[in-house]
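> Test case, fold it:
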Amino acid sequence: MMDLEGVIPKSPIKVRHVAVSFSYSYSLKKSQLFVLLFVLLQKESWKTVLTLAYQSLGVVYGDLSTSPLYVYKSAFAEDIHHSDTNEEIYGVLSFVFWTLTLMPLVKYVFIVLRADDNGEGGTFALYSLLCRHARVCSLPNCQIADEELSEYKKDGIVSNNRSFLGSSLKSTLEKHKILQRVLLVLALIGTCMVIGDGVLTPAISVFSAVSGLELSMSKEQHRYVEVPTACAILIFLFALQHYGTNRVGFLFAPVVITWLLCISAIGVYNIFYWNPHVYQALSPYYMYKFLKKTQKGGWMSLGGILLCITGSEAMFADLGHFSQLSIKIAFTFLVYPSLILAYMGQAAFLSKHHIIETDYQIGFYVSVPEKIRWPVLAIAILAAVVGSQAIITGTFSIIKQCSALGCFPRVKIIHTSSKIHGQIYIPEINWTLMLLCLAVTVGFRDTKHMGNASGLAVITVMLVTTCLMSLVIVLCWHKSVFLAILFMFFFGSIEALYFSASLIKFLEGAWVPIALAFIFSAIMYVWHYGTLKKYEFDVQNKVSINWLLALGPTLGIVRVRGIGLIHTELVSGIPAIFSHFVTNLPAFHQVVVFLCIKSVPVPHVSPKERFLVGRVGPKEYRLYRCIARYGYRDIHKDDLEFEKDLVCSIAEFIRSERAECSIGIEDLETDERMTVIGTSSSNLGVKMCEDGEESSEMVGGIKMCEDGHQDSSEIVCTSEIRETKSSKRLRKRVRFVVPESQRIDRDVKEELQELMEAREAGMAFILGHSYVRAKKGSSLMKKIVINLGYDFLRRNSRGPTYALSIPHASTLEVGMVYKV
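Residues are numbered from 1 along each chain as shown. Predicted structure coming up:
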């Protein structure tokens, strides 16, 4: 029996992360892996796994489950015809079966799901994973200190196992900026296609569900009912988004389960009633016969066949909400067999019905028994709404990730659930998606063009995932380059075949995702380029420490009570905006904090590692630097709680600086020593109470109190540091609760008291209002990108998250012109 201590975590919450670690240790024997899996399942109880699997049906598989509504109709749309020999319908069924088996089941379930980023999935998660294993990060203010985060590397793989070719590939990527840009553009293209899918999936799902009305009315009447009904459902769907999926989410899983059981039962009925031998079409031989007979038409019909896997990328994108095991169980034991039975049942029905009276006779509803057609129509509409909801929520999530990593303009993000992680609502994106959905629905008015557009978006995302996964295999898993080439060749060739079949229909609807991807990619790249150039300007124009030392402790001005919070993107050095203040203002605050709120390429940053705190200049200057670090899926706290955490982190830094001077991370640029400090709720250091707050955290601590009649205060067990209150003016009362692990010397006590007095006097927020312009001599393209594109996006984007609810009386905005 192998020793499992250190492999299995103490907390069952983190179990799913460990699955990644041991899955790659191929050197272990199979028996050892089974033992480890058994212990893992004992830790992560079956009840929890099955509950997550049940919930994943409503969130992950809504889009994939509704694909039978339009796959056959899209495959037989003008390219091929259903003949008496049934070779076409058998060939399409064979393609559907093997596509569902190879892509969602083999590629995603058994391979791609293992490439999670500390439990998170999606295109940007793969890119983030690569950024951590090779220095290809696009974020401008990355630090060596970020690599010390507990979630930065969790795979437990030793870098010495990397092959020579793998090391060469890593060094090549790190040396050439052009390759890093190509990698970024590749990730952006995949992201933009997911956004395009967020436009097309609701349109085609709802339109296909509503199209069942055609069988109950004439074609003339149907023309005036189908499009308005679909548009009304889409408007209703997007109008409900601001309530959040948590309000109606409990209905999602039952709807999808009912739909899957419904289509599988109808499929079994059609198989036994119409053609029990339809299972023979699962043989790959029928794919060969299909292509041999239909030739170019069969190749072009692949663009419709690939719609059977639309929504497969949601298994990976929504991984952060569930666990690998739960998603695998839900797909393998319910979704996959239900879909196969549904497609086989449709093929069995169509194999006995060759007379095509209308264009719809090849669709889904014609294979539904007439007695239950109306209930199935109602369930289909509900399932289409659920599937659309999932992709809309996924679009919100991926835009939040892009915005956090500096690749999308800042937007307003509303968290619709305080309990369920990741459920957000973005108003600007919601209404943009609705308008684009309505435009696609009204403009195309048929599933053929919508299917061509949706197919290209889906297969492009899969191609990007294949390319990034091949790099993950080499750089992150440290496997052979030949294994990565084999992975890319096998799945890439299949996807390239489908991609070519979709791209050939450019004029028949496939131009839509390309146009959407071009627009969103341009927005993302312009914003990222402008942000990068702005940061480079800040770095080149930051003030030297010698300038600060020459001013002296008073900085040559009057220091007034209070905390001056200066926001900057710099993680080291003094920003130029500070010298602008000092030279133009007669007074400044007694405590100055250079605050940098940055995103790091990990999904979450532990509260214990939230802040990096250090000094700027000598101790008597009372200048501090505080770097607040957030993952790309972290939720930013409200301003009051953030202010409290910020002040407590500085107080804890002051208390522990001398006693723990050896703990810290050297900043290579300025010799500033940065110390990792957690939030007030996560560390055992200094606590802060305001306005008479009491908490159990104060028990066993030392309250520092200063009597107004004393020049200095001594530490006693029950004394307090407090300021003598004026009888004319009441002020917020602040006190620090310090642990009694050690005595605090006079200098530290005085510095803590100054910080306390400054906090009582209030905080002022100094925000820079930048105007970025291309410098003289720049190329015409750069002037267009910076002066027009970036400036337009900057003026129409939201301010920083932490600045949205800051009182205007406490805010000072200063305009600066950046010549980049």
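
> tell me how far the helix ranked longest in the chain is from the chain's mean position?
Ranked by residue count, the top helix of the chain under DSSP state H comes out as helix 177-210. Relative to its chain's centre, helix 177-210 lies at 14 Å (Cα atoms, centre = their mean, to the nearest Å).

> And for stretch 331-344?
In terms of Cα atoms, centre = their mean, the centre of stretch 331-344 is found 29 Å from the chain centre.

> and for that stretch, what are the contacting residues?
The contact list for stretch 331-344, computed with Cβ atoms under 8 Å, 6 or more residues apart in numbering, reads 57, 61, 64-65, 67-68, 71-72, 93, 96-97, 100, 104-105, 109, 257, 260-261, 263-264, 266-268, 271, 278-279, 281, 308, 315. Just so you know, the C-beta spots here come from the backbone N, C-alpha and C atoms, and that holds for glycine as well.

> By neighbour count, which bits of the longest strand along the chain are buried? Give me those.
Taking DSSP state E as the criterion, the chain has its longest strand at strand 587-600. Going by neighbour count (16 or more other Cβ atoms under 10 Å), the buried part of strand 587-600 is 588-600.

> Stretch 340-353 too?
For stretch 340-353, by 16+ other Cβ under 10 Å, it's 340-351.

> same question, stretch 317-335
So, applying 16+ other Cβ under 10 Å, buried residues of stretch 317-335: 317-331, 334-335.

> before we move on, what about stretch 768-778?
So, applying 16+ other Cβ under 10 Å, buried residues of stretch 768-778: 768, 770, 772-774, 778.

> Just give me the closest of these to residue 209.
Residue 209 has its nearest neighbour among the buried residues of stretch 768-778 in residue 772, at 47.0 Å by Cβ to Cβ.

> Helix, strand, or coil at the residue lying closest to residue 108 once chain neighbours are set aside?
Nearest-residue entry for residue 108: residue 315, 5.2 Å, with adjacent residues in sequence omitted and distances by Cβ to Cβ, 6 or more residues apart in numbering. Following DSSP: H, G, I helix; E, B strand; the rest coil, the label given to residue 315 is helix.

> what's near enough to touch residue 315?
Per Cβ under 8 Å, 6+ apart, neighbours of residue 315: 60-61, 104, 108-109, 113, 121, 327, 331.

> residue contacts, residue 231?
Residue 231 touches 438, 441-442, counting by Cβ under 8 Å, 6+ apart.

> Shouldn't it be within a helix?
Yes - in this structure, residue 231 lies within a helix as judged by three-state DSSP.

> begin at 54 from here
With 54 as the first residue, the last one maps to residue 284.

> so what pLDDT did it get?
In this prediction, residue 284 carries a pLDDT score of 92.

> Quick one: neighbours of residue 597, just the number.
Residue 597: 12 surrounding residues under other Cβ atoms under 10 Å.

> okay, it: pLDDT?
The model's pLDDT for residue 597 equals 77.

> ok, now residue 316?
94.

> residue contacts, it?
118, 121, 391-392, 394-395, 398.

> try residue 509
Residues near residue 509 by Cβ under 8 Å, 6+ apart: 356, 552, 555-556, 558, 563, 566-567.

> and of these, the nearest to residue 689?
Proximity of those to residue 689, judged by Cβ to Cβ, is greatest for residue 566, which lies at 31.9 Å.

> So that closest one lies in a strand, does it not?
No - Residue 566 sits outside any strand when classified using three-state DSSP, being helix.

> Poorly predicted segments of the stretch 254-403 of the chain, please.
Within the stretch 254-403 of the chain, the ranges that satisfy pLDDT under 70 run 268-276, 297-303.

> what residues does stretch 681-696 touch?
Identification of contacts with stretch 681-696 by Cβ under 8 Å, 6+ apart yields 173, 177, 181, 199, 202, 204, 373, 450, 453-454, 457-458, 468, 474-475, 648-658, 662-665, 698-699, 816, 854-855, 858-859.

> got it, and stretch 576-593?
Stretch 576-593 is contacted from outside by 191, 193-194, 237-238, 241, 244-245, 455, 459-462, 621-623, 626, 628-629, 823, 825, 838-839, 842-843, 846-847, 871-873, using Cβ under 8 Å, 6+ apart.

> thinking again about what came up before, top of the contacts of residue 284 by neighbour count?
Neighbour max across these (other Cβ under 10 Å) = residue 494, 24 neighbours.

> Return the residues in contact with the closest residue to that residue other than its chain neighbours.
Spatially, and ignoring its direct neighbours in sequence, residue 494 is nearest to residue 256 (4.8 Å; Cβ to Cβ, 6+ apart). For residue 256, the contact set (Cβ under 8 Å, 6+ apart) comprises 283, 287, 490, 493-494, 497, 503.

> One more pass at 7 Å, please.
The contact partners of residue 256, taken as Cβ atoms under 7 Å, 6 or more residues apart in numbering, are 490, 493-494, 503.

> Next one: residue 180, what pLDDT does it get?
Residue 180 is given a pLDDT of 86.

> If you could redo that for residue 164, that was the one I meant.
On pLDDT, residue 164 comes in at 91.

> and it, how many neighbours does it have?
14.

> Backbone torsions only: list them for it.
Residue 164 has phi and psi values of phi -120, psi -60 when expressed as degrees, to the nearest 10.

> where's it relative to residue 368, distance?
With distances taken as Cβ to Cβ, to the nearest Å, residue 164 is found 12 Å from residue 368.

> any low-confidence regions in the stretch 554-703 of the chain?
In the stretch 554-703 of the chain (pLDDT under 70), the answer is 607-609, 690-692.

> ranges for the strands of it?
611-620, 640-653, 664-668, 676-684 (DSSP state E, counting those that start in this stretch).

> Let me have these in a markdown table, extended by distance to residue 547.
Output for the strands of the stretch 554-703 of the chain, formatted as a markdown table (distance: least, Cβ to Cβ, whole Å):
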| stretch | distance to residue 547 |
| --- | --- |
| strand 611-620 | 49 |
| strand 640-653 | 35 |
| strand 664-668 | 46 |
| strand 676-684 | 34 |
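
> Those: which one's closest to residue 441?
Comparing the strands of the stretch 554-703 of the chain by Cβ to Cβ, strand 676-684 comes nearest, at 28.1 Å.

> Brilliant, that's me finished.
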